[in-house]
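Asks: how does the following fold in three dimensions:
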Amino acid sequence: MKLLMTGLDYTRADLDTRSRFAVTKERSERLVTAIKEGHQLGGCVLISTCNRTELYASVDDDVQDLSLTRILCEELDQDYQAHREYFSELSGAAVIEHLCRVAAGLDSQILGDDQIVTQTREALELARSQSSSDSYLETLFRVAVQAAKSIKTNVIMHALGSASVPQETVQILQTMIDMQGSTALVIGNGVIGRQVATLLLDAGVATTVTLRQYHRGVIQVPVGAQTVGYIDRYSVVEQADIVISATTSNHFTVRYDELLALAKRPQIIIDLAVPRDVEPEVQDIPGIQLLTIDDISLDGRQLSASSLAQIDGIISEHVSRYLNWQKNKEILSRLDRTQSKKSYKPRLDGENKVKVFAVGLGPGNPGLLAPRAREAILACDCIVGYTSYLKLIPDLLVGKQTISTGMRSEARRCQAAIDAALEGKQVAVICSGDAGIYGMAGLLFELAEQHPEVSIEVIPGITAANAAAAVLGSPLSNDFAVISLSDLLTPWDIIEKRLEAMALADMVLCLYNPQSNKRSNYLARACDILLRHKPPETKCGYVRNAFRGEVNSGSLCTLAELPAAPVDMLTTVIIGNSDTRITNGKLVTARGYRL
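Replies: Below you'll find the model as predicted:
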C-alpha cells in the first residue's frame, strides 16, 4: 500500500477559494464514505479547517494515475481544471512528513496553532466512525499526532508559547478598542465561539452568545456570558461594539442589507468562519471594520535555526517509525498470502496450531532487546503485557493493538492473548527479563492446555540476574541459584527452606523482589537465615533497574550490612559464596581456574 495526499491551503488559495472546498462535519461523514467506496481506496481521511482542506488516502501499490485532486473536485461539484493549480499532491514519505508538520501547526497561519492537533485527531475519528480509515491511515495519523505533541512540548512551547485563533482574535481587538466596558456578540457556540467568548469575558467585555433552538445535546455557555436566540441576534448586534461570528453555517450569519437597516451598528466585525459567515459587502459600510480569518491569522513569529533543526529531527524520527511499521507489516502480509490457501487463517506453526509468542524484553534497554524478540513484536498486530512493560517499547507499538493490565491480573492477561490469537490476530505476550523466568510463558502453557489448537513459542531475553551481575562485575561465574522473596505465589515457609538449602550448599544467590512496602522486613528475614550458614563478611551487591536507565551503577556491601540496604521490588540482590571477593571495585566469584 502507498500513501497519497492532495490539498489546498492558505499559501496557495485565498479565502473565497478555500471556502468552496470547506466541508462541514456532517458532509465529511458522507464524503469519506463516498470517496472510499466509489474509488476503491484502502481508506481515506479528510481534514477541513479554516487554513486547509486535505484528503489523505491509502491505495494499492499497483494503482497508477489516480488523482485525488480530481476525485475531491468531482465529489464537491467543483471544476477540476479551474482549481487544480491550487492543489498540492504528495505521495509516500512526503505525506508522513507533511502531516506531522500540519498536526504540529507548523504550516498554519498562526505558527504552532493549538487547535490543529485536535482537528487532525478528530478527522481520523470521523473517518473511523464511517469505516473509511484503515491500518495505514490509523498509523499515519497516530504517528503524526505523536510527532506534533513532541514538537509542541519540546520546541514550540519553549520558543513561542501557546497560540490559537481565539487568542489572536482577542489580542488584535485589544489594539483596536478599549475592551473594558465594551459589549460583544459571539455568533456560534462551538469550540471556537466558546473560547473567544471566554477570553472576551476575561478581558472585561460584556459578552452575549447565540444559541440555536434546535441544538441537540448539552449546551455549554461560558460562565458570565448572556445568551440570545440565533434568530434574535440582530437585537444584540444593534447594541454591540464587537461582533464575532464563528459557525459552520452554509449561509451568511451577518448580511449587508440587515446591517444597513440597524439604527446603530458595531464598530468591529470579525469573521472566523470558512466559508464566510459575514457577507463580504459589509466591508463597504461606513464605520464598520471587517476582519476575516486571514486578517486575524497574520503571524510574524519565527522559530530559530536550532529550533527548526530540532523539529526536523523529531519529524525524521516519526517518519522512520511509520516506514519501519509499514515495512514489517507488508513483509508479514506477503508471508500470510504465501501461507494461506483458500481463505485467511490465523498465523500457524508447523503443526497447524495458532501461535502465541512469549517474548522476553530483557532489562528494558532497547539496545539489549534480542533481535528475534524485536522481529516477533514487529510481526504481531496485538501486543499483550503489563502496563509498565508496554511503556518500555513505544516505538515497536506504533499501529498495533495493545492489551494491558495491572499487577495480579496475569491470568486474565494471558487468556486475553490466547483469545486474540484464536480470533486470527498475531499475538505476542511481553515480559521483562526472560518470559520463562518468573514470566508469563509458564502461565501461557498452562492455559493453552485447554486449547490444543494453540502453541506457545518462547523467545528468551536477558534476565535481571544477568543484567545486575554485569553491572556489579562477575558474581555468577560459578554455580548460583535465583530465588524470589515474593510470597504472593510461593508460601514463605517454602522460600525459607530454599534459602537454607542454598546457603548450606554455598551457592551464590540472586534474590528477586527483595522488599516492598507490604514486605518491608523480608530481606532482613532472608539474611537472618543465610547468616546461620554464611559468614557476616560474605560479599554482596545490589542494583536497581539494571540497564533500564541511562545510569547503571550498583552498590557493594557485606551480608551483615545487607538488611539495611535501600532495596525495593525493582532491585536485584546478589549474595556471594565463599569464593566471592571484591576486585578493583567489582564483585567477582572465582570459577576455580588455576592462575
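
Asks: just the buried positions in stretch 231-245, please.
Replies: Counting neighbours by 16 or more other CB atoms under 10 Å, one finds that the buried residues in stretch 231-245 are R233, Y234, V236, V237, A240, D241, I242, V243, I244, S245. Bear in mind the C-beta positions are built from the backbone N, C-alpha and C, glycine included.

Asks: so the residue positioned nearest the centre of the chain is in which element?
Replies: When the chain is reduced to its mean C-alpha position, the nearest residue by CA atoms, centre = their mean turns out to be Q146, at 4.9 Å. Under the criterion DSSP states H and E, the helix or strand holding Q146 is helix 135-151.

Asks: list the buried residues of the helix or strand that contains K329.
Replies: K329 is part of helix 305-339, with elements assigned from DSSP H and E. By neighbour count with 16+ other CB under 10 Å, helix 305-339 contains the buried residues 307, 310-311, 314-315, 318-319, 321-322, 325-326, 328-329, 332.

Asks: returning to what we had before: who are the packing partners of the helix holding Q146?
Replies: If you count contacts as 3 or more CB pairs under 8 Å, 6 or more residues apart in numbering; DSSP states H and E, helix 135-151 packs onto strand 2-9, strand 43-48, strand 52-59, helix 93-103, helix 116-129, helix 305-339.

Asks: using TSV, please lay out these together with distance to K425 and mean pLDDT.
Replies: Formatted as TSV, the helices and strands packed on helix 135-151 follow (distance: least, CB to CB, whole Å; pLDDT from 0 to 100):
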stretch	distance to K425	mean pLDDT
strand 2-9	24	95
strand 43-48	19	94
strand 52-59	20	94
helix 93-103	25	95
helix 116-129	19	90
helix 305-339	12	79
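
Asks: let's have these in a markdown table, adding distance to V282.
Replies: Below are the helices and strands packed on helix 135-151 laid out as a markdown table (distance: least, CB to CB, whole Å):
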| stretch | distance to V282 |
| --- | --- |
| strand 2-9 | 25 |
| strand 43-48 | 24 |
| strand 52-59 | 25 |
| helix 93-103 | 31 |
| helix 116-129 | 27 |
| helix 305-339 | 39 |
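
Asks: out of these, which gets nearest to F87?
Replies: Ranking these by their distance to F87 (criterion: CB to CB) puts strand 2-9 first, at 5.2 Å.

Asks: what does the next helix or strand after the closest one rub up against?
Replies: Following the chain from strand 2-9 toward its C-terminal end, the next helix or strand by DSSP H and E is helix 15-20. Applying CB atoms under 8 Å, 6 or more residues apart in numbering, the contact partners of helix 15-20 are 8-10, 50-53, 76, 78, 83, 86, 274-276, 292-294.

Asks: if we use 7 Å, what do you get?
Replies: Residues outside helix 15-20 that contact it (CB atoms under 7 Å, 6 or more residues apart in numbering) are L8, Y10, T53, Q78, Y86, V274, P275, R276, T292, I293, D294.

Asks: over to the fourth one. Which of the three states is it?
Replies: To tie it back to what came earlier, the one meant is Q78. For Q78, the secondary-structure state derived from DSSP: H, G, I helix; E, B strand; the rest coil is coil.

Asks: quick check: the nearest residue to L201 once chain neighbours are set aside vs R194, distance?
Replies: When the adjacent residues along the chain are set aside, L201 lies closest to G224, with 4.7 Å between them (CB to CB, 6 or more residues apart in numbering). Plainly put, G224 is 12 Å away from R194 if you go by CB to CB, to the nearest Å.

Asks: so if I had to pick from the two, which one is more boxed in?
Replies: A side-by-side neighbour count of G224 and R194, using other CB atoms under 10 Å, places R194 first with 19 against 12.

Asks: quick one: end-to-end length of stretch 451-466, please.
Replies: The distance separating the two terminal residues of stretch 451-466, taken as CA to CA, to the nearest Å, comes to 34 Å.

Asks: next, the buried residues of it.
Replies: Using 16+ other CB under 10 Å as the test for burial, stretch 451-466 gives 451, 454-466.

Asks: quick one: mean pLDDT for that stretch?
Replies: Along stretch 451-466, the predicted local confidence has a mean pLDDT of 92.

Asks: which other residues reach that stretch?
Replies: With CB under 7 Å, 6+ apart as the criterion, stretch 451-466 contacts 349, 351, 353-363, 368, 370, 372-373, 376, 418, 421-422, 433-437, 441, 444-445, 448, 476, 482, 510, 512, 546, 572.

Asks: now stretch 357-376
Replies: Applying CB under 7 Å, 6+ apart, the contact partners of stretch 357-376 are 377, 380, 389, 392-393, 396, 427-435, 439-441, 444, 456-462, 464, 467, 546-548.

Asks: what's the span of it, first residue to last?
Replies: End-to-end distance of stretch 357-376 (CA to CA): 7 Å.

Asks: now stretch 173-182
Replies: Counting by CA to CA, the length from the leading to the trailing residue of stretch 173-182 is 11 Å.

Asks: now do stretch 540-552
Replies: Counting by CA to CA, you get 17 Å between the two ends of stretch 540-552.

Asks: residues of that stretch that come out buried?
Replies: Taking 16+ other CB under 10 Å as the criterion, stretch 540-552 shows C540, G541, Y542, V543, R544, N545, A546, F547, R548, N552 as buried.

Asks: where exactly do the strands run in the stretch 201-350 of the chain?
Replies: For the stretch 201-350 of the chain, the strands defined by DSSP state E, counting those that start in this stretch occupy 206-211, 226-229, 242-245, 268-271, 289-292.

Asks: can you add mean pLDDT and give those strands back as JSON lines?
Replies: What follows is the strands of the stretch 201-350 of the chain, written out as JSON lines (pLDDT from 0 to 100):
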{"stretch": "strand 206-211", "mean pLDDT": "93"}
{"stretch": "strand 226-229", "mean pLDDT": "92"}
{"stretch": "strand 242-245", "mean pLDDT": "95"}
{"stretch": "strand 268-271", "mean pLDDT": "95"}
{"stretch": "strand 289-292", "mean pLDDT": "93"}
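
Asks: need the winner for burial among those strands.
Replies: Neighbour counts (mean count of other CB atoms under 10 Å) averaged over each of the strands of the stretch 201-350 of the chain peak at strand 242-245, with a mean of 27.

Asks: for that one, give me every contacting residue.
Replies: For strand 242-245, using CB under 7 Å, 6+ apart, the contacting residues are 169, 173, 177, 182, 184-188, 196, 237, 253-254, 266, 268-273, 277-278.

Asks: also stretch 573-591?
Replies: Surrounding stretch 573-591, the residues in contact under the criterion CB under 7 Å, 6+ apart are 468-469, 472-478, 506-511, 514, 530, 538-542, 556, 559, 567.

Asks: next, the buried residues of it.
Replies: Within stretch 573-591, the residues that count as buried by 16+ other CB under 10 Å are V573, I574, I575, G576, N577, T580, L587, V588, T589.

Asks: ok, which stretches of the stretch 351-500 of the chain are helices?
Replies: For the stretch 351-500 of the chain, the helices identified by DSSP state H, counting those that start in this stretch occupy 371-379, 387-390, 410-422, 441-448, 464-472, 492-504, in order along the chain.

Asks: of all those helices, which one is nearest L111?
Replies: From the helices of the stretch 351-500 of the chain, taking CB to CB, the stretch that ends up closest is helix 387-390, at 34.1 Å.

Asks: I'd like to know which elements the closest one is packed against.
Replies: Contacts defined by 3 or more CB pairs under 7 Å, 6 or more residues apart in numbering; DSSP states H and E place helix 387-390 against strand 401-405.

Asks: now the strands of the stretch 201-350 of the chain as CSV including distance to S404?
Replies: Formatted as CSV, the entries for the strands of the stretch 201-350 of the chain read as follows, by distance: least, CB to CB, whole Å:
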stretch, distance to S404
strand 206-211, 42
strand 226-229, 44
strand 242-245, 45
strand 268-271, 46
strand 289-292, 47
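
Asks: and Q220, which of these is closest to it?
Replies: Between Q220 and the strands of the stretch 201-350 of the chain, the shortest gap by CB to CB is with strand 206-211, which sits at 9.8 Å.
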